[in-house]
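A.B. asks: return atomic coordinates for the entry below.
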Amino acid sequence: MVHRKINYTVVSIFLMVVLLLFSCKKDAKWPVYVTVSAKLAHNNTPISGVKWKIIESKGEGGIVSWQNSPTGWELEGETNSAGLAIANFYPKKDLDYQYDIVFDYSSMNVPVGDYEVVNGPSSFAKIVREHENIYDIKMLPHMGVNVHYKNNNCFDNGDTFKYKNFNGDEYSNFTQGQIETMPWGESSLLNGCSDFNTSGEVLAGHHIYIWEAIRNNITTTGVDTFYVEPGGNNLIEMFW
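C.D. replies: So this is what the prediction gives:
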């Protein structure tokens, strides 16, 4: 009977050690995967040097992570020459620990100029444990353009002209229904026998113009596409 009691004691100690080891494990069983892809939207050129940093914070499990207290744990990197960065880490099992990713575009490798993020987070995003965290970042440079509007087939000063336009690379998911509900751009400067020049700034990409001209009560419609890019002549000519 003494020998049996010792065996029970040994088994009990072993189970306590195992339970203690498992209870001390603080990291989740499965890692969180993060993928960052960065490129120019108008020509798919990869962008290297987009810096990212994952920050751990602890709070009460609330939705707003930045109201929590940072723990000091961070993971950082940047996109490579292919415009990619892939990372993974083991989060804490405790769901009060939350993770955010912040982006820094200040030293990315692109020609000098101002750029705008047209897809993906501009600065901050929340990491979700149970989902794929894929950040597909697309950017477009700001471009100066010259625009020339001209009524080449003028009937009289009663002619009218209006148009809709959008950047197909900035709004790549535009549907026909959205285009139909867009407001028309109308200006008295474009009516009659107009020949009007102006300049301005747009984002690079394929600019699509849908237009309608009325002369002598006859309606003419058309679609023109202009590709604006660094190093191009960047002239938009609307002749009707």
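
A.B. asks: all strands of the chain, in order?
C.D. replies: 32-40, 51-58, 69-78, 84-89, 97-104, 115-119, 124-127, 133-150, 160-167, 185-186, 195-203, 205-215, 218-228, 235-239 (DSSP state E).

A.B. asks: residue 173 is nearest to which of the ones you listed?
C.D. replies: Distance to residue 173, taken as C-beta to C-beta, is lowest for strand 115-119 among the strands of the chain, at 9.2 Å. (C-beta placed from N, C-alpha, C; glycine too.)

A.B. asks: what's that closest one in contact with?
C.D. replies: 41, 105, 136-142, 169-172, 203 (C-beta atoms under 8 Å, 6 or more residues apart in numbering).

A.B. asks: so how many other residues sit close to residue 167?
C.D. replies: A count of neighbours around residue 167, defined by other C-beta atoms under 10 Å, yields 20.

A.B. asks: spatially nearest residue to it (excluding sequence neighbours)?
C.D. replies: Nearest residue to residue 167 in three dimensions, chain neighbours excluded: residue 205, at 4.5 Å (C-beta to C-beta, 6 or more residues apart in numbering).

A.B. asks: what bits of the chain have low per-residue confidence?
C.D. replies: 1-25, 60-67 (pLDDT under 70).

A.B. asks: what sits against residue 166?
C.D. replies: 174, 179, 182, 207, 208.

A.B. asks: please redo it, this time with the cut-off set to 7 Å
C.D. replies: Taking C-beta atoms under 7 Å, 6 or more residues apart in numbering as the criterion, residue 166 is in contact with 174, 208.

A.B. asks: please apply the same query to residue 101.
C.D. replies: Taking C-beta under 7 Å, 6+ apart, one finds 34, 52, 53, 54, 125, 127 in contact with residue 101.

A.B. asks: which one of those residues is nearest residue 85?
C.D. replies: residue 52 (6.5 Å).

A.B. asks: would you reformat the contacts of strand 115-119 as JSON lines and include neighbour count and distance to residue 234?
C.D. replies: Formatted as JSON lines, these follow (neighbours: other C-beta atoms under 10 Å; distance: C-beta to C-beta, whole Å):
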{"residue": "41", "neighbour count": "24", "distance to residue 234": "17"}
{"residue": "105", "neighbour count": "18", "distance to residue 234": "23"}
{"residue": "136", "neighbour count": "11", "distance to residue 234": "27"}
{"residue": "137", "neighbour count": "23", "distance to residue 234": "24"}
{"residue": "138", "neighbour count": "20", "distance to residue 234": "20"}
{"residue": "139", "neighbour count": "24", "distance to residue 234": "18"}
{"residue": "140", "neighbour count": "23", "distance to residue 234": "13"}
{"residue": "141", "neighbour count": "20", "distance to residue 234": "11"}
{"residue": "142", "neighbour count": "12", "distance to residue 234": "11"}
{"residue": "169", "neighbour count": "23", "distance to residue 234": "15"}
{"residue": "170", "neighbour count": "20", "distance to residue 234": "16"}
{"residue": "171", "neighbour count": "15", "distance to residue 234": "20"}
{"residue": "172", "neighbour count": "13", "distance to residue 234": "21"}
{"residue": "203", "neighbour count": "20", "distance to residue 234": "12"}
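
A.B. asks: just those residues now: which is nearest residue 81?
C.D. replies: Checking those against residue 81 by C-beta to C-beta gives residue 137 as the nearest, at 15.5 Å.

A.B. asks: save the contacts of residue 101 as JSON lines, and put in distance to residue 85 and neighbour count too.
C.D. replies: Shown next, in JSON lines, are the contacts of residue 101 (distance: C-beta to C-beta, whole Å; neighbours: other C-beta atoms under 10 Å):
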{"residue": "34", "distance to residue 85": "8", "neighbour count": "22"}
{"residue": "52", "distance to residue 85": "6", "neighbour count": "22"}
{"residue": "53", "distance to residue 85": "11", "neighbour count": "14"}
{"residue": "54", "distance to residue 85": "11", "neighbour count": "20"}
{"residue": "125", "distance to residue 85": "14", "neighbour count": "16"}
{"residue": "127", "distance to residue 85": "14", "neighbour count": "20"}
